[in-house]
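Novice: Just a sequence and a predicted model for now, questions to come.
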Amino acid sequence: EPEVTQTPSHQVTQMGQEVILRCVPISNHLYFYWYRQILGQKVEFLVSFYNNEISEKSEIFDDQFSVERPDGSNFTLKIRSTKLEDSAMYFCASSVGRSNGYTFGSGTRLTVV
Amino acid sequence: ILNVEQSPQSLHVQEGDSTNFTCSFPSSNFYALHWYRWETAKSPEALFVMTLNGDEKKKGRISATLNTKEGYSYLYIKGSQPEDSATYLCALQGGSEKLVFGKGMKLTVNP
């Protein structure tokens, strides 16, 4: 069964450093997403991406965050200057269409120290 | 701000018991209700996407119902097995692709 793959599975970074989280969505999916879960809290939406541009973003997704689909297969989330409160499990997901269930990756656990 | 509530937050049952849990959401601005199963150390797995009031969907021993007018969905597991142990997430999809998740319901099925 097709999978969404995320790398790395764990990343530890110093506060203020830039991190790039990588995702390979399912090849025939058209919608791509990033979500995150801070420990003990709800899974929360960050951004959705369709037709090579951001279609929606949350209040969390400020200027420190950016997404790219540089080569038609990878989908990356960049955090320019990490803060302690960015520590969370970050999930990539993709879907064929708006009315379909999402396929999630297994996540990247980001720890900012 | 959309808020999705799930109850109970956790449940411990014996193998063979049937379980049901609730997801509540604001009934306005509804597009779809998603259910996911999330096993430890794995990725959330889509169970159902429900859009129509009165909808009922089934996948093996798991089924779900939807009431969009009163703003709730029930998830049922018939004859729980240890492999059903997981966190069950519901998520509301309003007028866009964004999902608003509940906090999840952690189910533990004891053999």
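Specialist: Alright, I've got the coordinates. Residues are numbered from 1 along each chain as shown, chains lettered A, B, ... in the order given.

Novice: only C-alpha atoms for contact and neighbour calcs from this point on.
Specialist: Will do.

Novice: Can you read off the pLDDT for the one residue sitting closest to the centre of chain A?
Specialist: For chain A, the residue sitting closest to the mean C-alpha position, by CA atoms, centre = their mean, is A:Trp34 at 3.2 Å. Here the pLDDT value assigned to A:Trp34 is 98.

Novice: likewise the one 4 residues further on?
Specialist: The pLDDT attached to A:Ile38 in the predicted structure is 97.

Novice: What's opposite A:His10 in the beta bridge?
Specialist: A:Arg109 (DSSP bridges).

Novice: That one contacts A:Arg109, doesn't it?
Specialist: Yes. With contact defined as CA atoms under 8 Å, A:His10 reaches A:Arg109; the gap is 4.7 Å.

Novice: So between the two, which is more surrounded?
Specialist: Counting neighbours by other CA atoms under 10 Å in any protein chain shown for A:His10 and for A:Arg109 shows that A:Arg109 has the greater number, 21 against 13.

Novice: what's the distance between the more buried one and chain B?
Specialist: In this view, A:Arg109 and chain B are 11 Å apart by CA to the nearest CA, to the nearest Å.

Novice: Whichever residue of chain A sits closest to chain B: neighbour count?
Specialist: Nearest to chain B in chain A, going by CA to the nearest CA, is A:Ser106, at a distance of 4.1 Å. A:Ser106: 23 surrounding residues under other CA under 10 Å.

Novice: which element is it on?
Specialist: Here A:Ser106 sits in a region with no helix or strand, counting by DSSP states H and E.

Novice: Against A:Tyr35, how distant is it?
Specialist: Distance, A:Ser106 to A:Tyr35, using CA to CA, to the nearest Å: 12 Å.

Novice: Make sure B:Gly104 is actually in contact with B:Tyr88.
Specialist: Yes. Applying CA under 8 Å, one finds B:Gly104 in contact with B:Tyr88, separated by 5.4 Å.
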